[in-house]
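Engineer: heads up, no residue letters with this:
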């Protein structure tokens, strides 16, 4: 089954209602949550690059990278959800606007 932005949003809404029953999580929390996940993603990339260069240190896998990418996507949607932003719509618009701006034919 292909995941859609709409399915992710529906699942995020449902899980958020379970997790934050009191509605305490605000934009600041969501932004910090996203920043933390992006930091973890960057750390995985650093370790993959270190391995590529043959430098000693802890090791990670592409599976670790995939999991962090998923965490970032989930948190990004949670932040967009907080502001009632349709992430699918704005992603399509931004992608297409950038293609037009730099003279590329590919559109969503």
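Structural biologist: Structure's in. What do you need? Keep in mind it's a predicted model, so treat the numbers as computed, not measured. Numbering: from 1, shown residues only.
Engineer: how far away is the most centrally placed residue in the chain from residue 87?
Structural biologist: Centroid-nearest residue in the chain: residue 73, 2.1 Å away (criterion: Cα atoms, centre = their mean). Residue 73 sits 9 Å away from residue 87, going by Cβ to Cβ, to the nearest Å. To be clear about C-beta, it is placed using only N, CA and C from the backbone, and glycine gets the same treatment.
Engineer: which residue ranges form the helices in this protein?
Structural biologist: 5-19, 27-52, 62-82, 87-102 (DSSP state H).
Engineer: who's in contact with the closest residue to residue 25 other than its chain neighbours?
Structural biologist: Take residue 25 and drop its neighbours on the chain: the residue closest to it by Cβ to Cβ, 6 or more residues apart in numbering is residue 16, 7.4 Å away. Contact analysis of residue 16 by Cβ atoms under 8 Å, 6 or more residues apart in numbering lists 25, 78, 81.
Engineer: now, of the residues you listed, which are buried?
Structural biologist: 78, 81 (16 or more other Cβ atoms under 10 Å).
Engineer: please work out the average pLDDT along stretch 72-79.
Structural biologist: The average pLDDT within stretch 72-79 is 98.
Engineer: whoops, I mixed them up, stretch 21-34
Structural biologist: Here the average pLDDT along stretch 21-34 is 97.
Engineer: can you check stretch 82-102 too?
Structural biologist: The model assigns stretch 82-102 a mean pLDDT of 97.
Engineer: count the neighbours of residue 29 for me.
Structural biologist: 14 (other Cβ atoms under 10 Å).
Engineer: apologies, that question was intended for residue 38.
Structural biologist: 15.
Engineer: including distance to residue 108, could the helices of the chain go into TSV?
Structural biologist: Shown next, in TSV, are these (distance: least, Cβ to Cβ, whole Å):
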stretch	distance to residue 108
helix 5-19	12
helix 27-52	23
helix 62-82	17
helix 87-102	4
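Engineer: of the contacts of residue 16, closest to residue 96?
Structural biologist: residue 81 (22.7 Å; Cβ to Cβ).
Engineer: which ones are touching the residue nearest to that closest one when sequence neighbours are not counted?
Structural biologist: Distances taken as Cβ to Cβ, 6+ apart put residue 12 closest to residue 81, at 5.7 Å, once the chain neighbours are dropped. Residue 12 makes contact with 74, 77-78, 81 under the criterion Cβ under 8 Å, 6+ apart.
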